[in-house]
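> What would the 3D arrangement of this be:
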Amino acid sequence: MPFFYYFCTMKKPKIFILDWWTTRLVLIIRDEENFSEKRKINYTPAQVGSVFFLCFLCIFSFGFWIASMVYSGATAIGEDAEVRRKFVKLNAIVDSLAIALEKREVFANDLRKTIGGEVSKQNLKAPADTTKRKNKTDKAERSPKDSVNIDALSEADVRLREEMENRNANTPNSFSATRGEQLKDMFFFSPVKGIVSNKYDSRTGHLGVDVVADKDAPLKAIYDGTVIMASWTDETGYVITVQHQSNLLTVYKHCSVLLKKTGDFVRAGEILAIIGNSGELTTGPHLHFELWHKGNPINPEGLIAF
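Residues are numbered from 1 along each chain as shown. Prediction:
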């Protein structure tokens, strides 16, 4: 062969690599027994090198593709497992929130019925100037001294008030010595400074006090607590209710504007709302304030100086 001849024997001058690369060669295939010629293949070193290069390139590309597919699959499996874990965790959180929301809704509905009847959906977003929404006929039926018309109460509210009257028939002001002992160490802010126009009287179903104060006077929290309801009812207008420690509950009715929403934590003396004249069971701007302890109404004047 020329390459072996030129580079091994060194009997002739060396040729350049390009000349050797393009040298035409013949590959003859013969029969082993009689040495007859079976096939003849013409080739050059360049052709052989090209074939080997192409084979190497194909094998390398195929191996790279297989490796990339395996890596992508492993990454996708890892990401899918992580997404699945996050989905399971979020699903558990959503279930817990749904259960808590359902319990809270039940509690809120019961509370709305307790403090003034069913909530009217069309009045849920009533404007702040509802002080002008009054029926003159209702005013004629109500006594100027009493801001509660028993005949106008909802059936559920009437039953609740009757139950409270029967329970507290022997204790008109519902403020027993036992409850006084439980709350005597607590210092309460006055919700508003004014004149008590209608006192607490469980026998007539008036389970709070009506306080007349200056126009747009702020209504304050009497103690630290959490707002558990801030809404609107047909009978009592804008109402805000705060849950305090020691199973103490305060209710502010007939507000003109609510400044806190359900779930807000408030400090003692913090402003909750503005005094108003909203709702049907009112004869003028005032605050109807109720104080409940362990499910029983308490005379606020026994604990708070207005």
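> all contacts plus neighbour counts: C-alpha atoms, from now on.
OK.
> Find the least confident helix or strand in this protein, judged by mean pLDDT.
None of the helices or strands of the chain scores lower by mean pLDDT, DSSP states H and E than helix 136-141, at a mean of 40.
> avg pLDDT for the lengthiest helix in the chain?
Taking DSSP state H as the criterion, the chain has its longest helix at helix 45-116. Mean pLDDT, helix 45-116: 80.
> helices and strands around that helix, which ones?
helix 17-21, helix 155-167, strand 225-233 (3 or more Cα pairs under 8 Å, 6 or more residues apart in numbering; DSSP states H and E).
> Tell me where this protein is predicted with low confidence.
1-16, 74-79, 109-182, 184 (pLDDT under 70).
> Mark out where each domain of it begins and ends.
In terms of domains, the chain is parsed into 2-43, 125-302 (source: automatic domain parsing).
> For the closest residue to Asn198 other than its chain neighbours, list the residues it contacts.
Nearest residue to Asn198, sequence neighbours excluded (Cα to Cα, 6 or more residues apart in numbering): Asp210, at 5.0 Å. Each residue near Asp210 by Cα atoms under 8 Å, 6 or more residues apart in numbering is listed here: 147, 196-199, 286-289.
> which of the residues you listed tops the neighbour count?
His286 (31 neighbours; other Cα atoms under 10 Å).
> From Tyr223, how far out is the nearest residue in space to that residue that is not next to it in sequence?
The spatially closest residue to His286, leaving aside those adjacent along the chain, is Val212, at 4.6 Å (Cα to Cα, 6+ apart). Look at Val212 and Tyr223: by Cα to Cα, to the nearest Å, they are 21 Å apart.
> which outside residues touch the host helix or strand of Lys38?
Element membership of Lys38 [criterion: DSSP states H and E] is strand 37-43. By Cα under 8 Å, 6+ apart, the surrounding residues in contact with strand 37-43 are 24-31.
> buried set for that strand?
Of the residues in strand 37-43, none is buried by neighbour count under the rule 16 or more other Cα atoms under 10 Å.
> neighbouring strands for it, and are they parallel or not?
strand 25-30 (antiparallel) (DSSP bridges).
> I'd like to check the angle between the strand it pairs with and helix 45-116, please.
100 degrees (axes from the mean of the first three to the mean of the last three Cα atoms, to 10 degrees).
> Surely Phe188 is in contact with Ile304?
Yes: Phe188 lies in contact with Ile304 (Cα atoms under 8 Å); the separation is 6.4 Å.
> Between those two, which has more neighbouring residues?
Phe188 (17 against 13).
> mind checking the backbone torsions on that one?
Dihedral pair for Phe188: phi -110, psi 140, per degrees, to the nearest 10.
> Can you tell me, leaving aside adjacent residues, what's nearest to it?
Nearest to Phe188 is Ile222, by Cα to Cα, 6+ apart, at 5.0 Å.
> In three-state terms, how would that neighbour be classified?
coil (DSSP: H, G, I helix; E, B strand; the rest coil).
> Count the residues that sit near it.
Ile222 has 22 nearby residues by other Cα under 10 Å.
> Distance of it relative to Gly279?
In terms of Cα to Cα, Ile222 sits 23 Å off from Gly279.
> How about Ile29?
Distance, Ile29 to Gly279, using Cα to Cα: 113 Å.
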